[in-house]
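Novice: For reference, the sequence and a predicted model appear below.
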Amino acid sequence: MRHHLYNPDFKFVVEPEHFNKYTDRELLQYCLGATMYMPGFKDFTPKILNHSMPGLTTMVLCFEDACPEEKVPEAMENVHHLLATVTEAAENGKLDSDHVPLIFVRIRNLVQFKAFGEKLTKQEVKSLCGINFPKFNAENGYEYYAYLQDLNDRFGEIIYGMPIIEDPEVAYKESRMQELTGIKKILDKYHDLVLQVRVGGTDFSSVFGVRRGVEYSLYDILTVRECLSDIINVCGRNNDYVISGPVWEYFRAPKEMMFEELPHHGIEDYLMRRQPLVNNEIDGLLREVILDKANGFVGRTVIHPTHVKFVNALMAVTKEEYDDACQILGTGGGVVKGSGGNKMNEIKPHTNWAKKIYNRARAFGVIKNESGYVKLFAVNE
């Protein structure tokens with residue numbers, strides 16, 4: 001796969017790299033981008049085989065919230081068929097292997113995970129990138145990862161795990177740090193099987209009976225912001241784990257993405273000053289992604305296909321950011337004038353930031369400047 005395939009004519013300063021489930025974890029953990037949740041009982045096999053979702057690189061087939069309990073057996077059968085069919089099509093040349101998305105499965109609980117895992121075949125696993133663990137906590141986490149390790153050993157294939165931190169024990173202030181510390185121990189034990197850490201903004205909001213409106217960001221909701229802040233503090237320090245942003249609930253398909261006049265200023269100026277760009281729903285998403293980046297999140301969960309190109313476009317890196325990152329990573333120490341001559345680059349304290357920018361650049365490409373974001377997503381698929 002490669003990001004931004006919906007816009008093949010866009011001219012990058014540095015092209016995004018191709019990736020698949022076998023890409024080195026150090027890069028792959030930055031590549032997921034907009035990760036779309038889809039009901040496990042719906043058959044998306046034809047869309048994958050026909051490459052009819054060119055912007056979508058990462059999908060999660062859900063057995064949990066997006067799948068009624070009575071449909072779980074049907075969903076598991078559907079996903080087994082999808083995985084086997086995609087592998088077969090890629091191996092016999094009917095599907096370009098570069099068009100196979102990263103496919104994950106969100107299980108309901110350990111019992112259902114084992115029921116699904118026991119019927120997996122080696123053929124299916126070749127198209128299965130990983131498992132999402134909902135309501136991951138210090139109590140259930142070891143068993144999830146122990147069984148995932150068993151599957152890796154059984155098939156001799158890499159299958160990653162992605163814990164979703166959304167449990168009430170993390171929402172509650174009095175239990176949060178103990179719970180996060182316990183979760184971190186599990187992640188550290190199975191470090192190489194952790195591809196990303198995901199967060200459940202909707203579940204955290206539910207605990208406090210709040211829901212952000214379209215004009216608000218999740219960063220405006222104090223109780224949820226505290227949860228996200230502490231998750232980053234525990235799991236994101238020193239780039240230990242890549243953490244993806246929470247889902248944005250609002251969507252409205254833009255009818256025509258034909259901007260007669262593109263913004264002359266940076267997209268952040270437009271959006272943070274609340275100047276309309278696309279529509280209320282998409283502008284709200286874009287504002288939240290900007291804040292994601294400022295706070296260290298990479299990519300995010302999405303629930304609507306119209307979100308994909310907007311999230312992935314904003315994950316691209318500007319040339320100035322890229323030049324700064326390369327300068328920092330290529331300098332032994334001290335302080336130097338940054339790209340553009342407008343900032344200091346202090347080598348040691350800016351190194352973790354530089355590593356994150358460099359890996360995002362490899363995954364999503366380098367654009368000339370902020371005006372490139374709009375040119376990147378302003379196409380009609």
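Specialist: Alright, I've got the coordinates.
Novice: Give me the residue ranges of the stretch 151-300 of the chain where confidence is low.
Specialist: 253-265 (pLDDT under 70).
Novice: What ranges does it have for its strands?
Specialist: Secondary structure of the stretch 151-300 of the chain (DSSP state E, counting those that start in this stretch): strands at 160-165, 198-199, 300-302.
Novice: what does the stretch 1-150 of the chain give?
Specialist: Using DSSP E, counting those that start in this stretch, strands in the stretch 1-150 of the chain cover 34-39, 58-62, 102-106, 130-133.
Novice: Quick check: buried residues in the shortest one?
Specialist: I take that to be strand 130-133. 130-133 (16 or more other Cβ atoms under 10 Å). Bear in mind the C-beta positions are built from the backbone N, C-alpha and C, glycine included.
Novice: for the third one, same thing?
Specialist: Neighbour-count burial for strand 102-106, with 16+ other Cβ under 10 Å as criterion, is recorded at 102-106.
Novice: of all those residues, which comes closest to Leu277?
Specialist: Nearest to Leu277 out of those is Leu102 (Cβ to Cβ; 28.9 Å).
Novice: what about that closest one, distance to Leu49?
Specialist: Distance from Leu102 to Leu49, counting by Cβ to Cβ, to the nearest Å: 16 Å.
Novice: mind listing what the residue nearest to Val207 when sequence neighbours are not counted touches?
Specialist: Computed as Cβ to Cβ, 6 or more residues apart in numbering, the closest residue to Val207 that is not its neighbour in sequence is Ala171, at 4.2 Å. Applying Cβ atoms under 8 Å, 6 or more residues apart in numbering to Ala171 gives the contacts 203-204, 207-208, 223, 227.
Novice: Tyr358 too?
Specialist: Applying Cβ under 8 Å, 6+ apart, the residues contacting Tyr358 are 322, 325-326, 329.
Novice: How about Gly141?
Specialist: By Cβ under 8 Å, 6+ apart, the neighbours of Gly141 are 133, 163, 182-183, 186-187.
Novice: and if you look at Val302?
Specialist: 34-37, 247-248, 308, 311 are the contacts of Val302 under Cβ under 8 Å, 6+ apart.
Novice: Any chance of the residues you listed in TSV with distance to Leu110 and neighbour count as columns?
Specialist: Formatted as TSV, those follow (distance: Cβ to Cβ, whole Å; neighbours: other Cβ atoms under 10 Å):
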residue	distance to Leu110	neighbour count
Ala34	28	28
Thr35	22	26
Met36	25	22
Tyr37	20	20
Val247	24	22
Trp248	30	29
Val308	31	24
Val311	31	26
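Novice: Tabulate those (JSON lines), appending distance to Tyr145.
Specialist: Below are the contacts of Val302 laid out as JSON lines (distance: Cβ to Cβ, whole Å):
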{"residue": "Ala34", "distance to Tyr145": "26"}
{"residue": "Thr35", "distance to Tyr145": "20"}
{"residue": "Met36", "distance to Tyr145": "24"}
{"residue": "Tyr37", "distance to Tyr145": "21"}
{"residue": "Val247", "distance to Tyr145": "24"}
{"residue": "Trp248", "distance to Tyr145": "29"}
{"residue": "Val308", "distance to Tyr145": "29"}
{"residue": "Val311", "distance to Tyr145": "28"}
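Novice: Now flag whichever of the residues you listed is closest to Gly296.
Specialist: Val311 (15.6 Å).
Novice: and the closest one, which of the three is it?
Specialist: At Val311 the chain is in helix, as set by DSSP: H, G, I helix; E, B strand; the rest coil.
Novice: circling back: compare the contacts of Tyr358 and tell me which is most surrounded.
Specialist: When neighbours are taken as other Cβ atoms under 10 Å, the top entry among the contacts of Tyr358 is Ala325 (25 neighbours).
Novice: how far away is Pro73 from Ile159?
Specialist: 22 Å.
Novice: more crowded one of those two?
Specialist: Taking neighbours as other Cβ under 10 Å, Pro73 and Ile159 compare with Ile159 leading, 22 against 13.
Novice: I figured the more buried one hits Asp150, correct?
Specialist: No - counting by Cβ atoms under 8 Å, Ile159 sits too far from Asp150 to count as a contact (10.2 Å).
Novice: can you give me the helices for the stretch 201-350 of the chain?
Specialist: 201-207, 222-235, 267-272, 280-295, 308-315, 319-329, 347-364 (DSSP state H, counting those that start in this stretch).
Novice: any chance of the ones you listed in TSV, with distance to His18 too?
Specialist: Compiled in TSV, the helices of the stretch 201-350 of the chain are given as follows (distance: least, Cβ to Cβ, whole Å):
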stretch	distance to His18
helix 201-207	31
helix 222-235	28
helix 267-272	26
helix 280-295	23
helix 308-315	15
helix 319-329	19
helix 347-364	10
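Novice: Nearest to Arg176, out of the ones you listed?
Specialist: Judging the helices of the stretch 201-350 of the chain by Cβ to Cβ, what sits closest to Arg176 is helix 222-235, at 5.7 Å.
Novice: what about Ser229, how many residues close to it?
Specialist: So Ser229, with other Cβ under 10 Å, has 12 neighbours.
Novice: Spatially, what comes nearest to it if we skip its sequence neighbours?
Specialist: Per Cβ to Cβ, 6+ apart, closest to Ser229 is Asn295, 8.0 Å.
Novice: how much space is there between that neighbour and Ile231?
Specialist: 11 Å.
Novice: got it, and Pro101?
Specialist: 26 Å.
Novice: and what of Ala89?
Specialist: In terms of Cβ to Cβ, Ala89 sits 38 Å off from Ile231.
Novice: again, but for Phe251
Specialist: Taken as Cβ to Cβ, the span from Phe251 to Ile231 is 25 Å.
Novice: which of those two has more neighbours?
Specialist: Counted by other Cβ under 10 Å, Phe251 and Ile231 do not tie: Ile231 has more neighbours, with 24 against 15.
Novice: give me the number of residues near the closest residue to Phe41 other than its chain neighbours?
Specialist: If the residues on either side of it in the chain are set aside, Phe41 comes closest to Ala75, at 4.1 Å by Cβ to Cβ, 6+ apart. By the criterion of other Cβ under 10 Å, Ala75 has 24 neighbours.
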